[in-house]
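Peer 1: I'll drop the sequence and a predicted model, then ask my questions.
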Amino acid sequence: MALKVRGRALNSRNQALLERAAAAAKMRPPRAWATEFVSVSAVFGLRPTMLVREEKLEEIGEEAAYHVFLHELEHIRHGDPLLNWIGQVCLALHWFNPLVWIGVRELRASGEMAADES
């Protein structure tokens, strides 16, 4: 069952910033949607899709928004959406094991650190 995302295409400014960030990261720009249903930008799915809240990007300015896109692209480069999905499967199978919970938490934390450092 696919997750339905209620969103719209990015505005021209943010689409241009995403394309510029993808060119700098030497990757194709992912699908991206502007939506009010997220509080922060995120990437999800086995075929990564970026969700952004355009109002927040407008508030922080163009240069900071460019860095937000770079950060999210690093998550895609490192395979974080797939690793998070695998972590969720492990949690579903071993929900009773505290070591699995700790492992998944550390996996997410290391993914954030890796994206921040890049």
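Peer 2: Yes, it's here.

Peer 1: and the longest helix for this structure?
Peer 2: Longest helix in the chain by number of residues, with DSSP state H as the criterion: helix 98-117.

Peer 1: Tell me which residues touch residue 53, please.
Peer 2: With contacts defined as CB atoms under 8 Å, 6 or more residues apart in numbering, residue 53 is in contact with 34, 35, 36, 38, 39, 40, 41. All C-beta spots, glycine's among them, are computed from the backbone N, C-alpha and C.

Peer 1: gap between it and residue 98?
Peer 2: Note on residue 53: its distance to residue 98, by CB to CB, to the nearest Å, is 34 Å.

Peer 1: about what we covered before: put the buried members of the contacts of residue 53 into a PyMOL selection.
Peer 2: Applying 16 or more other CB atoms under 10 Å to these, the buried members can be selected in PyMOL as follows:
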select buried, resi 34+38+41
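
Peer 1: didn't residue 83 look like it was pressed against residue 107?
Peer 2: Yes. Taking contact to mean CB atoms under 8 Å, the distance of 6.0 Å between residue 83 and residue 107 places them in contact.

Peer 1: Distance from the longest helix of the chain to the middle of the chain?
Peer 2: Relative to the mean C-alpha coordinate of its chain, helix 98-117 is positioned 14 Å out (CA atoms, centre = their mean, to the nearest Å).

Peer 1: what comes up buried for it?
Peer 2: By neighbour count, with 16+ other CB under 10 Å as the criterion, the buried positions of helix 98-117 are 100, 104, 107, 111, 115.

Peer 1: What is the nearest of those residues to residue 59?
Peer 2: residue 115 (21.2 Å; CB to CB).

Peer 1: which one is that closest one nearest to, not counting chain neighbours?
Peer 2: Nearest-residue entry for residue 115: residue 74, 4.0 Å, with adjacent residues in sequence omitted and distances by CB to CB, 6 or more residues apart in numbering.

Peer 1: in the protein, which spans are helices?
Peer 2: Using DSSP H, the helices of the chain run over 12-24, 54-60, 62-77, 80-93, 98-117.

Peer 1: Now intersect the contacts of residue 53 with the strands, please.
Peer 2: Under the assignment DSSP state E, the contacts of residue 53 contribute residue 34 to strands.

Peer 1: Quick check: of the contacts of residue 53, which lies closest to residue 25?
Peer 2: With CB to CB as the yardstick, the closest approach to residue 25 among those comes from residue 41, at 15.0 Å.
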